[in-house]
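Peer 1: please work out how this folds:
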Amino acid sequence: MSSWFRSTPMTYVSLLLNADAAPSTLVLLGSLSSISFTDLNPDLTPFQRRYIGFVKRCDELERKLRFFGGECDKFNLAVSRASGGALKNQCTAPYQPNILDTLESELEGYESQLRELNSFSAKLTTEYNEKVELQEVLLKGREFYEIDAPRLMTSSVSERMTSRATGGRGDSLLDDDRANLPLGMMADGGVIDRDMRFSSVTGVVDSSEKARFERMLFRSTRGNCYVRFAGIEQDIVDPETNCRVKKHVFIIFFKSKSIESKIKKICDAFSAHRYSIPSVDDPQAFQSMLAANAQELNDSHTVLVKNQDTRFRMCQMLANCIEEWTWKVVKEKAIYHSLNMFKSDVSGMLRGEGWIISSQLASARAAVTDAHSSMDLAMPSLLQPAPQPWPNPPTHFETNSFTYAYQEFVNTYGVPRYREANPALFTAATFPFLFGVMYGDIGHGSCLFLAGLFLIYSFNADSKYDEMMGGVYSARYMITAMGFFGIYAGFIYNDFFSLGLNLFTSRYEYPNQDEGAEAVKSGAQAILTAEYGSSEAIYPVGMDPAWHVSSNELLFFNSFKMKLSVVLGIIQMFGGTCLKGMNALYFGERLDFFFEFLPMVAFAGSLFVYMIVLIVMKWSINWNSRMLSASCCQFGLGDEGLCHPVTTYDSDGVGTTAGTAWGSSQYEGVWAEECDSPADDEGIQYCTPWGQSCAEVDEDGNFDMSNQVGGGIQYSTADLCPLDFGGTGDGCQPPNLITLLINIALQPGNVEEPLYAGQATIQNFLLFIAFASVPILLLAKPYLLSKQHESHGHSDEHDDEDEGHGFGEILIHQAIETIEFVLGMVSNTASYLRLWALSLAHSKLAGVFWEKAMLSTINMNFFAAFIGFGIFAAVTTGVLLMMDVLECFLHALRLHWVEFQNKFYKADGVRFVPFSFATILGEAVIG
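Peer 2: Numbers count the residues shown, from 1 in each chain. This next block holds a predicted model:
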């Protein structure tokens, strides 16, 4: 864990290489994944760098590989994925000097073959489509001539005769379909003259353009054409897009050369293919053309299938090699891209600089030496530490499958500064825990826990996940931990889908509860089954289930969860403040430690840590014993003597008096053996457990007891309490903590209900420390910094630079820090109340869903209960297992980013990005 608490030590090194051995050296350094190079040529454009030619060659190879991947996608062939072992072997593979030449020659051959096949396929597909379209035109055209043309001709003849008789223009060809005769024939079998013959255009148009095509024809010819469509059942493959499209055969009749010209232009505009077919007057030519086209169609289909089969087999072979080729190309490109950062100061030598993990320095030196010795080069190599160009090295943490998600969780807010305390170490424990505090429920937490276990079980390191699923799988251990702490908090709250579980037998009993829930009257008071304060009276784990059915359930859980939220919040914030001090000590920042950290600790401890002390003290004090010590008891009656007796009445009006017996163990002190109180008429004396008299005899000799109705004496709790802590109750009454904490600042020295002796004095002292720490925090560091600045003196040439370090600017910066911390402690403490609010909302929502969906239907019938369970499962899954998980996640995220990390976290570091083949090849886009 120490290596995760602070980032890995870094060393800035200078690397001197022989130019011939540089690629092989980088191959060995890339397999180490321990060095990040600095660009020594920032003034050069990419095209001015030494190895840009090699990078361009790699780009061209990547283009070819993308082309191969696209061709494989056309056949729905997935690129073969190698195992993690193959990737590791590729990362550690030795350098191959002529690998680019080999790949270029091999890939060029495959690309030329594939492009030639594609070109031939496009040509074959076009020819095949033309044959298919022509076949459909011939078939659909013959059907049209045999069935629809006679109606058109009869209509045309009658219209012309009518037109000649009346001297007017007939109706449009598209408006009449009453004819029944073949084209060119009269009703009596005679032949119509050639002037009565119609011209026609046949072809094929895309189905999606059919309506627009028909509308354009009608408008352009003003209705003086007749068009019919027939759908082609077979889909046509577009050779350009390789997509299947629907098409329609059309035939257009007209009687004008000008109309023919318009129709042809419209067909060209809509990319409609026109085909010439024989005249219907020559059925033998029509049939001959149909048979010849069918034979050609069959031949085209055979050749096209063989072409596709050849392409498919080639793509199968390419799919098995693309990943390996891609790794090699990407690896070579990374090598030459890194070499472009090197500087050539001496001919034949390259100089590079960068950050290296200190523990890997010896391994890197050995790698450089091995690379040069394997090539038998006389010129020496050099790898040695160099002066740092800037003060802050990059930040690097070694992570694993469990810690990765938490480190990314922190890095999303900001990368830690070099060697700064890493919040991720603490986030790994506190984040799922605070999530569980808000989401606490055994049932819901179990669902989340099982989901996390499923992600762990189903994760495959060799699989490639998309961005969303990759993020979910990377957080699989975090989700499991969130579910675990949700279960843990659920046991503390004793919540199982909003129901209390009686796992260890409740320590409370209601009168007549054995006779059923109906026998327990509303308002009945639960009674402890064991003596108060004994181990038998304590529920072993979490809350007693009796609280879930009590009338003051909400009041009790609100009080508990609110105080718990405040305690957890202050502990986490104070821990963050302590980390600030640890950082100051580690970096040797004495001013920050003495005049920032210590005043912060004093302020936070005197007010907020003291708040935790008061909460824990109130929880731990036996208030029954303290209040009993200030109560009047009947002395001398043994077990029959009662303290603060209470009389209850049953349904029949019979009263029962009960109370704490004299000598009871509920009083932690020693019961008095004597009582100085006068006796009443029955001879009973009244004293407090510690022996303070509660009665007197007045001047007339009458017995008078404290707080007796009509009595003359009145003893307050302070008069009867033996603690003498001061205040109204002298320490024998529980205080209201909110009022107590407010009065620390608003009414110093005034404690109405003290918890311990001298509380007012201690609180005044703590308040003084808190107020005194603020001016120290505000003024001490700026003053000392300004003095240090003055002691170093000023030179004329640096006056402008030093002007920015004046006392005023430092004071403003420190004032912002002071205000942010002082007000932040108050606002951040209130912000932690979201733990209470979301826990309460989760519990009550679950209760509402159970009550409205299940309880209202479970006693009706089976069908109603089935429907109710379905509704309950649906709303539970949608609201509590999805929306509420996200809500609690975001609130826990905010508590860490804002409330915890702002106490110490700089978040201005630079992430270490090593030259690593494992990372580069793992992120490479395949295909």
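
Peer 1: residues touching the residue nearest to Ala272 when sequence neighbours are not counted, list them.
Peer 2: In space, and not counting its chain neighbours, Ala272 is closest to Val205: 4.0 Å by C-beta to C-beta, 6 or more residues apart in numbering. Every residue, glycine included, has its C-beta placed from N, CA and C. Neighbour list for Val205: Phe213, Lys247, His248, Phe250, Cys267, Phe270, Ser271, Ala272, His273 [criterion: C-beta atoms under 8 Å, 6 or more residues apart in numbering].

Peer 1: weed out the non-buried ones from these.
Peer 2: Among the contacts of Val205, those classed as buried by 16 or more other C-beta atoms under 10 Å are Phe213, Lys247, His248, Phe250, Cys267, Phe270, Ala272, His273.

Peer 1: let me know the pLDDT of the closest residue to Ile920 other than its chain neighbours.
Peer 2: What sits nearest to Ile920 in space, not counting adjacent residues and going by C-beta to C-beta, 6+ apart, is Ala334, at 5.0 Å. Turning to Ala334, the model gives it a pLDDT of 95.

Peer 1: still on that earlier bit, please report phi then psi for the residue nearest to Ala272.
Peer 2: phi -130, psi 150 (degrees, to the nearest 10).

Peer 1: name whatever forms a beta bridge with it.
Peer 2: His248 (DSSP bridges).

Peer 1: tell me the contacts of the closest residue to Lys331 other than its chain neighbours?
Peer 2: Excluding the flanking residues, the one nearest Lys331 by C-beta to C-beta, 6+ apart is Phe917, at 6.0 Å. Residues near Phe917 by C-beta under 8 Å, 6+ apart: Gly30, Ser31, Ser33, Gln90, Cys91, Lys331, Ala334.

Peer 1: go on, Phe904?
Peer 2: Ala421, Gly576, Thr577, Leu579, Lys580, Asn583.

Peer 1: same deal with Val437?
Peer 2: Here Val437 is in contact with Phe485, Ala489, Leu564, Ser565, Leu568, Leu835, Ser839 (criterion: C-beta under 8 Å, 6+ apart).

Peer 1: and Asp676, how far is that from Glu296?
Peer 2: 131 Å (C-beta to C-beta, to the nearest Å).

Peer 1: who's more crowded, these two?
Peer 2: Glu296 (16 against 12; other C-beta atoms under 10 Å).

Peer 1: tell me which element the closest residue to the more buried one other than its chain neighbours is part of?
Peer 2: In space, Glu296 comes closest to Lys131 once its chain neighbours are excluded; the distance is 5.6 Å by C-beta to C-beta, 6+ apart. Assessed by DSSP states H and E, Lys131 sits inside helix 99-147.

Peer 1: return the list of helices and strands in contact with that helix.
Peer 2: Here helix 99-147 is seen to pack against helix 52-74, strand 199-206, strand 226-231, strand 236-237, strand 247-254, strand 273-275, helix 283-339 when contacts are counted using 3 or more C-beta pairs under 8 Å, 6 or more residues apart in numbering; DSSP states H and E.

Peer 1: quick one, that helix and strand 226-231 angle?
Peer 2: Counting by axes from the mean of the first three to the mean of the last three C-alpha atoms, to 10 degrees, helix 99-147 points 130 degrees away from the direction of strand 226-231.

Peer 1: tell me the angle of helix 99-147 relative to strand 247-254?
Peer 2: Using the same axes, to 10 degrees: helix 99-147 against strand 247-254 is 50 degrees.

Peer 1: centre of the chain to helix 99-147, how far?
Peer 2: 48 Å (C-alpha atoms, centre = their mean, to the nearest Å).

Peer 1: swap in stretch 586-597?
Peer 2: On C-alpha atoms, centre = their mean, the centre of stretch 586-597 falls 37 Å from that of its chain.

Peer 1: what's it in contact with?
Peer 2: For stretch 586-597, using C-beta under 8 Å, 6+ apart, the contacting residues are 6, 419, 421, 577, 580-581, 583-585, 776-777, 780-781, 784-785, 817.

Peer 1: what separates the closest residue to Met10 other than its chain neighbours from Ala421, distance-wise?
Peer 2: Once flanking residues are discounted, Met10 sits nearest to Pro393: 3.9 Å by C-beta to C-beta, 6+ apart. Going from Pro393 to Ala421 by C-beta to C-beta gives 16 Å.

Peer 1: mind checking the SS state of the residue nearest to Asn902 when sequence neighbours are not counted?
Peer 2: Leaving aside its sequence neighbours, Asn902 sits nearest to Gly824 (C-beta to C-beta, 6+ apart; 6.9 Å). Following DSSP: H, G, I helix; E, B strand; the rest coil, Gly824 is assigned to helix.

Peer 1: phi, psi of Ser14?
Peer 2: The phi/psi pair for Ser14 (degrees, to the nearest 10) is phi -110, psi 140.

Peer 1: residues in contact with it?
Peer 2: Contacts of Ser14 (C-beta under 8 Å, 6+ apart): Arg351, Gly352, Glu353, Leu382, Leu383, Gln384, Pro385, Ala386.

Peer 1: bridging residues for it?
Peer 2: Assigned bridge partners for Ser14, using DSSP bridges, are Glu353, Gln384.

Peer 1: ok, it to Leu434 distance?
Peer 2: Applying C-beta to C-beta, the value for Ser14 to Leu434 is 47 Å.

Peer 1: same question, Phe915
Peer 2: 39 Å.

Peer 1: more neighbours, these two?
Peer 2: Leu434 (28 against 23).

Peer 1: identify the residue nearest the more buried one in space, chain neighbours excluded?
Peer 2: Ala892 (4.7 Å).

Peer 1: now name the helix or strand holding the one you found.
Peer 2: Per DSSP H and E: helix 884-894 holds Ala892.

Peer 1: for that helix, packing partners?
Peer 2: Using 3+ C-beta pairs under 8 Å, 6+ apart: helix 884-894 touches helix 423-439, helix 834-849.

Peer 1: what's the neighbour count on Ile538?
Peer 2: 10.

Peer 1: and if you look at the one 3 residues further on?
Peer 2: A total of 10 residues lie near Val541 under the criterion other C-beta under 10 Å.

Peer 1: which ones are touching it?
Peer 2: Phe491, Ile492, Leu503, Phe504.

Peer 1: how about Ala334?
Peer 2: Gly30, Phe915, Phe917, Ile920.

Peer 1: what does Phe426 give?
Peer 2: By C-beta under 8 Å, 6+ apart, the neighbours of Phe426 are Gly575, Phe900.

Peer 1: coming back round to it: dump the helices and strands packed on helix 884-894 to TSV, plus distance to Val305.
Peer 2: Shown next, in TSV, are the helices and strands packed on helix 884-894 (distance: least, C-beta to C-beta, whole Å):
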stretch	distance to Val305
helix 423-439	60
helix 834-849	61
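
Peer 1: and Asn41, which of these is closest to it?
Peer 2: With distances scored as C-beta to C-beta, the stretch of the helices and strands packed on helix 884-894 nearest to Asn41 is helix 423-439 (35.5 Å).

Peer 1: contact partners of stretch 546-557?
Peer 2: Contacts for stretch 546-557 (C-beta under 8 Å, 6+ apart): Tyr493, Asn494, Leu499, Gly500, Ser506, Arg507, Tyr508, Gly523, Ala526, Met543, Leu840, Ser843.

Peer 1: ends of it, what's the gap?
Peer 2: Taking C-alpha to C-alpha, to the nearest Å, stretch 546-557 runs 12 Å from one end to the other.

Peer 1: list the buried residues for that stretch?
Peer 2: For stretch 546-557, by 16+ other C-beta under 10 Å, it's Ala546, Trp547, His548, Phe557.

Peer 1: just confirm Gln113 contacts Met317, I think it does.
Peer 2: No: counting by C-beta atoms under 8 Å, Gln113 sits too far from Met317 to count as a contact (10.9 Å).
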